[in-house]
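> Kindly return the folded structure for what I paste below:
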Amino acid sequence: MNRIFFFTAAAGVPLSVIGGLMHWPSAVLFIIYCLTIIALASYMGRATESLAIIAGPRIGGLLNATFGNAVELIISLFALKEGLTGIVLASLTGSVLGNLLLVAGLSFFIGGLKYKRQEFNIHDARHNSGLLIFAIIVAFVIPEVFSMDMGEKNKLDLSVGISIIMILLYVAALYFKLVTHRGVYQPNQPEAKEEEEQPEWSGKRATAVLFISTIIVAYISENLVHTFHAVAEQFGWSELFIGVIIVAIVGNAAEHASAIIMAYKDKMDVAVEIAVGSTLQIAMFVAPVLVICSIFFPVNMPLVFTLPELVAMISSVLLMTMISNDGDSNWFEGATLLAAYVIMAIGFFLL
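Next up, the predicted model:
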């Protein structure tokens, strides 16, 4: 598999440059860009896996989520620059659904096929559940409800105010988990398992791979955004479907691969931290940053989602909270999450 990703990245990067300069058909470029980003994301996943072994499950999961979401943030910034606020909001929705239902679902399912029962830190699960309910149900619903009787300026002002509060709370949550309460709530799995395993790459090499991959992905992502309109018309896809499903899967490919690998190795603390931690980072950091950045673009982006997006995200949070709050997973729970994702994907495709 690593060889396939290597050849895809080695061929995809020059083809992306040549195809862009020679103005190849948008559909061809769209496929090349997506495959290249996924291949580069695999390297980001391997690098963050090494860092997870070196730094521990919490920091490793955070690094994986951060660099994985860097792709999402880059794509969204270029889309904002083009005024595609609908696609940006849809991609944020897709990231929430993808991480909570697809990534967590595949992790629980594949890990559950190998192990009858897998445990993870119940204290972290409950802490993250509270933050998920705040970020999605409170911070996303309030702009939707209050904006019904507001003008565009007040919508943006409300969104900016909420965004600042969410960023501050996210920073406080990191400080709580990594500084003031680090080691207070011990994981269920012994950490000796991580200490005995040798990382594939050294810390310096892993960091260098992450940095270089992110730069290349930034370049390809800018070109990918320019193909959205043509691809939507050619395949009959709506911008909502492209944002919720396509962009979200491509933008979060690093987390997808890493979380599943960790679950297969029975490292559920890392797998859950990647899936849920990435969702929290999207909702409490990436989305607020994009709202604030949109102030400097011609088209502003209030934090107001469509009703289907909002209902889908709330349903995902409630389902994941109910399943993960016992600190225990199996293949059937994974299948349940995957079934919910497929149902929502069908709905967005037909919508």
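
> What count of nearby residues applies to the spatially closest residue to residue 9 that is not a sequence neighbour?
Once flanking residues are discounted, residue 9 sits nearest to residue 39: 4.0 Å by CB to CB, 6 or more residues apart in numbering. For glycine as for every other residue, the C-beta is placed from the backbone atoms N, C-alpha and C. By other CB atoms under 10 Å, 21 other residues sit near residue 39.

> Residue 39 is in what secondary structure piece?
Assigned by DSSP states H and E, residue 39 falls within helix 26-55.

> in that helix, what counts as buried?
26, 29-30, 32-55 (16 or more other CB atoms under 10 Å).

> and it, how far out from the chain's middle?
13 Å (CA atoms, centre = their mean, to the nearest Å).

> Packing partners of it?
helix 2-22, helix 57-81, helix 203-225, helix 228-235, helix 248-251, helix 253-264 (3 or more CB pairs under 8 Å, 6 or more residues apart in numbering; DSSP states H and E).

> Just give me the lowest mean pLDDT stretch among those helices.
In terms of mean pLDDT, the lowest-scoring of the helices and strands packed on helix 26-55 is helix 248-251 (a mean of 71).

> Against which helices or strands is that helix packed?
With contacts taken as 3+ CB pairs under 8 Å, 6+ apart, helix 248-251 sits against helix 26-55, helix 57-81, helix 85-97.

> Just want the angle from the shortest one to helix 253-264.
Just to be clear, that refers to helix 85-97. Here the directions of helix 85-97 and helix 253-264 differ by 10 degrees (axes from the mean of the first three to the mean of the last three CA atoms, to 10 degrees).

> so how far is helix 85-97 from its chain's centroid?
Chain-centre distance of helix 85-97: 10 Å, with CA atoms, centre = their mean.

> Show me what the helix or strand just after it is packed against.
Next helix or strand after helix 85-97 toward the C-terminus (DSSP H and E): helix 104-114. Packing partners of helix 104-114 (3+ CB pairs under 8 Å, 6+ apart): strand 118-119, helix 253-264, helix 268-281, helix 307-324, strand 328-329, helix 331-350.

> Mind doing that once more with 7 Å?
helix 253-264, helix 268-281, strand 328-329, helix 331-350 (3 or more CB pairs under 7 Å, 6 or more residues apart in numbering; DSSP states H and E).

> And for residue 114, the neighbour number?
Neighbour tally, residue 114, other CB under 10 Å: 12.

> how much space between it and residue 347?
Distance of residue 114 to residue 347, computed by CB to CB, to the nearest Å: 32 Å.

> quick revisit: any idea which of the helices and strands packed on helix 104-114 is most buried?
helix 268-281 (a mean of 30; mean count of other CB atoms under 10 Å).

> average pLDDT for it?
The pLDDT scores in helix 268-281 average 86.

> Pretty sure residue 121 sits against residue 269.
Yes - judged on CB atoms under 7 Å, residue 121 makes contact with residue 269 at a distance of 5.4 Å.

> Is it correct that residue 159 is in contact with residue 305?
No - the criterion here is CB under 7 Å, and residue 159 misses it with residue 305 at 11.0 Å.

> Who has more neighbours out of the two?
residue 159 (25 against 21).

> Tell me what angle the helix or strand hosting the more buried one forms with helix 57-81.
Here residue 159, judged by DSSP H and E, is contained in helix 152-175. Computed with the same axes, to 10 degrees, the direction of helix 152-175 lies at 160 degrees from that of helix 57-81.

> buried ones in helix 152-175?
155-156, 158-160, 162-163, 166-167, 169-170, 173-174.

> Distance to residue 243 for these - can I get that in TSV?
As requested, those are exported to TSV (distance: CB to CB, whole Å):
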residue	distance to residue 243
155	20
156	20
158	23
159	18
160	22
162	21
163	19
166	21
167	22
169	26
170	23
173	27
174	27
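
> Just put those residues in TSV and tack on distance to residue 125 and pLDDT.
Shown next, in TSV, are the buried residues of helix 152-175 (distance: CB to CB, whole Å; pLDDT from 0 to 100):
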residue	distance to residue 125	pLDDT
155	34	88
156	35	90
158	31	91
159	29	91
160	31	93
162	25	93
163	26	93
166	21	93
167	23	93
169	19	93
170	18	91
173	14	88
174	17	86
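
> Name the residues that touch stretch 155-172?
The contact list for stretch 155-172 (CB atoms under 7 Å, 6 or more residues apart in numbering) reads 135, 139, 142-143, 146-147, 150, 284-285, 288, 291-292, 300, 302-304.

> again, only this time at 6 Å
139, 143, 147, 284-285, 288, 291-292, 300, 302-303 (CB atoms under 6 Å, 6 or more residues apart in numbering).

> What's the ChimeraX line that selects buried ones from these?
Buried residues among those (16+ other CB under 10 Å), as a ChimeraX selection:
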select :139,143,147,284,285,288,291,300,302,303
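
> Now the two most distant members of the contacts of stretch 155-172.
147 and 285 (21.7 Å; CB to CB).

> quick revisit: of all the helices and strands packed on helix 248-251, which one is nearest residue 322?
helix 85-97 (16.1 Å).

> which other residues reach the closest one?
So helix 85-97 is contacted by 72, 76, 79-80, 239-240, 243-245, 247-248, 252, 279, 282, 287, 299, 301, 305, 309, 312-313, 316, 344 (CB under 6 Å, 6+ apart).
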